[in-house]
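>>> have a look; sequence and predicted model below, questions after that.
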Protein chains: 2
Amino acid sequence: MSLSNQALADAVLGPPGPAQRRAIAKTITLLESTRADHRARADELLNGLLPHSGKSLRLGISGVPGVGKSTFIEALGLFLINQGHRVAVLAVDPSSSVSGGSILGDKTRMEQLSADERAYIRPSPSGGTLGGVAEKTRESLLVCEAAGYDIVIVETVGVGQSETAVANMTDMFILLQLPNAGDDLQAIKKGVMELADLVVINKADLDAHAATRARAQITSALRLFGQHGDPHHAAHDQALWQPQVLQLSALKSQGLPEFWAAVSRYRELQTANGRFAARRHNQDQAWMWERIDAGLKQRFRQHPAVQAALPLLSQQVRAGEVAASVAARRLLELFH
Amino acid sequence: MSLSNQALADAVLGPPGPAQRRAIAKTITLLESTRADHRARADELLNGLLPHSGKSLRLGISGVPGVGKSTFIEALGLFLINQGHRVAVLAVDPSSSVSGGSILGDKTRMEQLSADERAYIRPSPSGGTLGGVAEKTRESLLVCEAAGYDIVIVETVGVGQSETAVANMTDMFILLQLPNAGDDLQAIKKGVMELADLVVINKADLDAHAATRARAQITSALRLFGQHGDPHHAAHDQALWQPQVLQLSALKSQGLPEFWAAVSRYRELQTANGRFAARRHNQDQAWMWERIDAGLKQRFRQHPAVQAALPLLSQQVRAGEVAASVAARRLLELFH
């Protein structure tokens, strides 16, 4: 490892404090850089830090705007650091470069938590595709773990495809909902509910009746939609986690101990049945192949012969003049 | 077009009858062949037939074994040919080469329908990946359309990832369920229910009470899980189709007219709001890129330098010695 990288790695792995925080920030800045020399340094650093990573619990948290994500994460973060944990909060928000704003961009959103030195909060990387943004957040997660943060929260907004990316980089995916779940207005988009290992009905104090009704509805829906793995197996195997629904009020700090007890039960159960390790293992393999796929597609799109032929062939597919599979075969021939 | 291809295309496009059936079968056999010269002939044929395709209604049908898929498809097929339609039934079953058996492999399963010359039934292509099996079925679908079949049913078993493949090649995806939907035993696997444009509770005559309860539960769950597109938009736009739940008994031929009325409403509504054409357009583009991705990944895996380095790097990723993204970058460098 280069001398400057070694010093940086030592500081990340060193004792908590301002020097470690600066080293984490500098490392993540290198990871997020688009410069080739930065990327080469970052790769070397990452491999150096990797053996020290992996020891945290990685929690993914999502929910539509207005559900109270910031309040929930701040309350949870303070609850956890008061129990002796160190908490890192990262984010995946591929829209941040478009909208100019970003979740977590404004640190005043979690004023108390961000002021606490036992917490580390980093806004979403900006720019690029969802795959690129997710990659940087994944790598930042490893850096935070190497620095000894034992709880890493990855937040995302309830829009776009970012929930899948976050569920694929965390040990447990938690979906926040409002008590009025039955209303069409709150219906989440397809494919998100089934990612949830735990659904939290936030602001449950606002309408206890609605919260109870929402809990029953979501529990029933999760039973119908949310079987993990082989349903015939799952139905008979009590040792498999089944998604659950909890109520709480982050604003009033009500229900956090019960929430944390559920998270701990999940971790124990999934560790005992081997799913915890298996999920991480599958995520690593999937991550590698997702990055390979993205790289292959980028090279394909940049290939001169493909670039020359793609517009016409795409148009012919659209017009129904060339079958999609035939167009794919022609383009693949041009690529080689 | 070569002379032999021209004769084959003319027969496919010609009048219904034994000669057309033989030509369809021969064309599909060419599509399914792994020989390069057959593939080249098939591509030419496919492009020749393509302008004559696209005029059918493509229905995807899935459900777990025992739900009564064969009985339902036979009853539906007979109902439709009695109304003057011509019905083709295809299948996607990537397990057929492994298990030796195949859905639709045994034509006696749909004895009456398969004996009717207004119906064309073809078992699932066997062998290869799901992507390969799906591609052959997609191409067969185009051939049947060119031959004038105006209803094409694509069946799949309720296991594996084949439901997504079928939903992605059809205009409407229909999921069959049993009346005891509330039981865990019948819970379908993650990600399938949300694909459904229509859920049919078959064998509803067996237990009217259970069927009514299942209908209410699934309707509620679909509201929570199954919003198409932007939920805020969907909630206010009455012109968008919302997934529905129907009861019927295929065995007693009860409920088929109501089922067909729902399918017709779906088609009218989605045609009027532009979603019908948009879905096909998106499917064609996605199909092309899915095939390109599969081809790129195949070339990547067969590249000598990649083949040499992949086992060790995969193992290092597994052992936590190399970050997945770093491994991906190294392999991509070797590929070029």
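Good, I have the coordinates.
>>> going forward, measure contacts between C-alpha atoms and count neighbours the same way
Noted.
>>> what number of residues lie near the residue of the stretch 1-150 of chain A found nearest chain B?
Minimum separation of the stretch 1-150 of chain A from chain B (CA to the nearest CA) falls at A:N47, amounting to 5.5 Å. Using other CA atoms under 10 Å in any protein chain shown, A:N47 is surrounded by 18 other residues.
>>> tell me the secondary structure at the residue nearest to it when sequence neighbours are not counted.
In space, and not counting its chain neighbours, A:N47 is closest to B:V322: 5.5 Å by CA to CA, 6 or more residues apart in numbering or on different chains. What DSSP: H, G, I helix; E, B strand; the rest coil gives for B:V322 is coil.
>>> B:V322 against A:H52, yeah?
No: with contact defined as CA atoms under 8 Å, B:V322 does not reach A:H52; the gap is 11.9 Å.
>>> quick check: domain ranges of chain A?
Domain assignment for chain A, taken from automatic domain parsing, gives A:1-51, A:53-273, A:288-335.
>>> how far off helix B:208-225 does the helix or strand hosting A:A216 point, in degrees?
Taking DSSP states H and E as the definition, A:A216 sits inside helix A:208-225. Counting by axes from the mean of the first three to the mean of the last three CA atoms, to 10 degrees, helix A:208-225 lies at 100 degrees to helix B:208-225.
>>> quick one, strands of chain A?
Applying DSSP state E to chain A gives strands spanning A:57-63, A:87-92, A:119-121, A:151-157, A:172-177, A:198-201, A:244-247.
>>> tabulate these (TSV), appending distance to B:R39, mean pLDDT and mean neighbour count.
As requested, these are exported to TSV (distance: least, CA to CA, whole Å; pLDDT from 0 to 100; neighbours: other CA atoms under 10 Å in any protein chain shown):
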stretch	distance to B:R39	mean pLDDT	mean neighbour count
strand A:57-63	46	96	24
strand A:87-92	44	95	27
strand A:119-121	55	96	21
strand A:151-157	45	94	25
strand A:172-177	45	95	26
strand A:198-201	49	94	25
strand A:244-247	50	94	22
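>>> stretch A:142-158 vs chain B: in contact?
No: on the criterion CA under 8 Å from any CA of the partner chain, stretch A:142-158 is out of touch with chain B, staying 9.0 Å away.
>>> and the residue nearest to A:N47, how close does it get to A:L50?
According to CA to CA, to the nearest Å, B:V322 stands 7 Å off from A:L50.
>>> looking at these two, which is more packed in?
B:V322 (23 against 19).
>>> pull the number of nearby residues for A:N82.
A:N82 has 11 neighbours, counted by other CA under 10 Å.
>>> oops, could you answer that again for A:G255 instead?
For A:G255, the number of neighbouring residues by other CA under 10 Å comes to 17.
>>> next one: the one 5 residues further on
By other CA under 10 Å, the residues close to A:W260 number 14.
>>> how about A:A208, what does it touch?
For A:A208, the contact set (CA atoms under 8 Å, 6 or more residues apart in numbering or on different chains) comprises A:P179.
>>> likewise A:S140?
A:28, A:31, A:90.
>>> show me what contacts the residue nearest to A:N47?
The neighbours of B:V322, taking CA under 8 Å, 6+ apart as the test, are A:47, A:50, B:313, B:316.
>>> and if you look at A:M172?
Residues near A:M172 by CA under 8 Å, 6+ apart: A:58-60, A:196-198.
>>> recalculate using a threshold of 7 Å.
By CA atoms under 7 Å, 6 or more residues apart in numbering or on different chains, the contact set of A:M172 is A:58-60, A:197.
>>> closest to A:A146 out of the residues you listed?
Among the contacts of A:M172, A:R58 lies closest to A:A146 (CA to CA), at 13.2 Å.
>>> can you give me the helices for chain A?
In chain A, the helices defined using DSSP state H lie at A:3-13, A:18-32, A:36-49, A:69-81, A:96-99, A:111-115, A:130-146, A:162-167, A:208-225, A:231-236, A:256-272, A:275-302, A:304-318, A:324-335.
>>> what angle do the first one and helix A:18-32 make?
With the same axes, to 10 degrees as the basis, helix A:3-13 and helix A:18-32 are set at 120 degrees to each other.
>>> looking at chain A, which helix or strand is least sure?
Of all helical and strand segments in chain A, the minimum by mean pLDDT, DSSP states H and E falls on helix A:231-236, at a mean of 46.
>>> mind checking how far the closest residue to A:Q254 other than its chain neighbours is from chain B?
Among residues not flanking A:Q254 along the chain, A:L248 sits closest, at 5.6 Å (CA to CA, 6+ apart). According to CA to the nearest CA, to the nearest Å, A:L248 stands 20 Å off from chain B.
>>> burial of A:L248, as a residue count?
22.
>>> spit out the contact partners of it.
Going by CA under 7 Å, 6+ apart, the list of residues near A:L248 reads A:200-204, A:254-255.
>>> 10 Å instead?
Going by CA atoms under 10 Å, 6 or more residues apart in numbering or on different chains, A:L248 touches A:72, A:179, A:200-205, A:211, A:254-259.
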